[in-house]
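Q: Structure for this input, please:
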Amino acid sequence: MMPPMYVRAIGLWTLAAPSLPEWLAPYAHAPGTLPGARLLSTRARGRSSMLTRMFAEVLEQVTSGDAVGARSALPMVFGSGNGELQTTSVLLHMMNTDDGALSPARFQASVHNAAAGQLSMALHSRGFATCLAAGSATAAACLEEASVYLALHGGEIVVALADESAPDFMASLAPCQPLALALRLAASSGSDGAAMRLRLTEAAPSAFAETALAVVNPCAAALPLWQALLERRAATLRLTSLWACNAAVEPPDLALKVPT
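A: Residues are numbered from 1 along each chain as shown. Coordinates of the predicted model:
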């Protein structure tokens with residue numbers, strides 16, 4: 001059993017959709033809305049992708065009370081199952097039209113750690129940062145990474161998850177509404193005790209808590225956890241483990257226990 005982590009803050013950004021469950025609806029924004037992403041400068045915000053803006057938005061939500069120096073020292077885990085799909089789709093289109101020339105600016109914004117790089121520069125961060133991609137197991141992989149970091153180093157860490165909508169040519173195969181989530185986790189509850197304990201275990205008998213959110217988004221696997229945290233109720237939630245990516249390995253269960 002891994003040591004418990006303590007949830008100090010949560011962030012969420014998504015667009016309103018008919019399938020949104022009641023508990024999530026107050027946090028949804030009107031279709032066509034862009035994340036505020038005020039952590040980024042005006043210039044950086046103007047050229048940032050939707051995915052980078054989503055990461056910036058939820059990161060701001062969980063660090064809003066911090067001084068600039070505290071933000072720059074905060075370790076961060078970025079998770080995205082699909083990465084910069086929209087930017088990559090533009091590059092693929094450019095390759096197959098006109099002379100096939102590509103935009104260097106778009107290329108550097110298409111890599112999986114583009115958001116982490118831009119936000120690290122915006123926050124003047126020289127601390128720990130990592131980017132993970134594990135498909136539907138991305139949320140589990142990021143929480144495992146955060147748990148190991150806190151067990152080794154203590155302190156706090158932010159886990160940010162985001163996936164944007166699918167490009168037009170993929171929409172019929174993998175419809176995906178944009179969704180971003182963030183957790184600020186600590187190794188202890190702190191002097192004020194204002195935190196919920198989150199414990200990861202390798203096995204759990206209870207079934208995964210389903211939600212009514214009908215979107216195909218790798219980050220949606222973490223939504224039952226946000227529901228439990230928003231409602232401040234006890235829950236045991238199973239997530240797809242990173243080990244499930246290897247068909248030859250029997251995947252262990254990864255459970256999140258959220259006491260009240």
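Q: Let me know whether residue 79 touches residue 136 as I believe.
A: No. Judged on CB atoms under 8 Å, residue 79 makes no contact with residue 136 at a distance of 11.4 Å. For the C-beta atoms, the positions are set from N, CA and C on the backbone; glycine is no exception.
Q: Tell me which helix or strand in the chain has the weakest average pLDDT.
A: helix 104-108 (a mean of 61; mean pLDDT, DSSP states H and E).
Q: any idea how far residue 118 is from residue 69?
A: 20 Å (CB to CB, to the nearest Å).
Q: neighbour-wise, which of these two wins?
A: residue 118 (25 against 9; other CB atoms under 10 Å).
Q: and the closest residue to the more buried one other than its chain neighbours, what does it touch?
A: Nearest non-adjacent residue to residue 118, counting by CB to CB, 6 or more residues apart in numbering: residue 52, 5.6 Å away. The contact partners of residue 52, by CB atoms under 8 Å, 6 or more residues apart in numbering, come to 37, 40, 109, 114, 115, 118, 119.
Q: Confirm that residue 52 sits in a helix.
A: Yes. Under DSSP: H, G, I helix; E, B strand; the rest coil, residue 52 sits within a helix.
Q: Can you give me the distance of it to residue 146?
A: Residue 52 is 21 Å from residue 146, where distance means CB to CB.
Q: So residue 13, which state does it fall into?
A: strand.
Q: I'd like the average pLDDT over stretch 71-79.
A: Taken as a whole, stretch 71-79 has a mean pLDDT of 93.
Q: I figured residue 158 was touching residue 63, is that so?
A: Yes. Contact criterion CB under 8 Å: residue 158 and residue 63 qualify, at 7.1 Å.
Q: Next, residue 157: phi, psi?
A: When read as degrees, to the nearest 10, the backbone of residue 157 gives phi -160, psi 150.
Q: Could you point out which residue ranges in the stretch 101-250 of the chain have low pLDDT?
A: 101-111, 167-176, 202-216, 240-250 (pLDDT under 70).
Q: which of the contacts of residue 52 lies closest to residue 223?
A: When the contacts of residue 52 are compared for distance to residue 223 (CB to CB), residue 115 wins out at 20.4 Å.
Q: Look up how far residue 132 lies from the residue nearest to residue 118.
A: According to CB to CB, residue 52 and residue 132 sit 16 Å apart.
Q: Please say which of residue 79 and residue 136 ends up with more neighbours.
A: Comparing residue 79 with residue 136 by other CB under 10 Å, the one with more neighbours is residue 79, at 28 against 17.
Q: what about residue 13, distance to residue 40?
A: For residue 13, the distance to residue 40 (CB to CB) stands at 14 Å.
Q: got the buried residues for the helix or strand that contains residue 138?
A: Residue 138 belongs to helix 138-153 when elements are defined using DSSP states H and E. Neighbour-count burial for helix 138-153 flags 138, 139, 140, 141, 142, 143, 144, 145, 146, 147, 149, 150 (criterion: 16 or more other CB atoms under 10 Å).
Q: mind listing the helices for the stretch 151-260 of the chain?
A: According to DSSP state H, counting those that start in this stretch, the stretch 151-260 of the chain carries its helices in the segments 223-231.
Q: Same question for the stretch 1-150 of the chain.
A: 42-47, 50-63, 68-72, 85-95, 104-108, 114-122, 138-153.
Q: Residue 180: which of these is closest?
A: Residue 180 sits nearest to helix 50-63 of all the helices of the stretch 1-150 of the chain, at 3.8 Å, using CB to CB.
Q: Quick one: mean pLDDT for that closest one?
A: Here the average pLDDT along helix 50-63 is 93.
Q: circling back to that earlier point, closest to residue 182 among the buried residues of helix 138-153?
A: Proximity of the buried residues of helix 138-153 to residue 182 (CB to CB) peaks at residue 142, which lies at 10.4 Å.
Q: Distance of that closest one relative to residue 183?
A: Where residue 183 is concerned, residue 142 sits at a distance of 9 Å (CB to CB).
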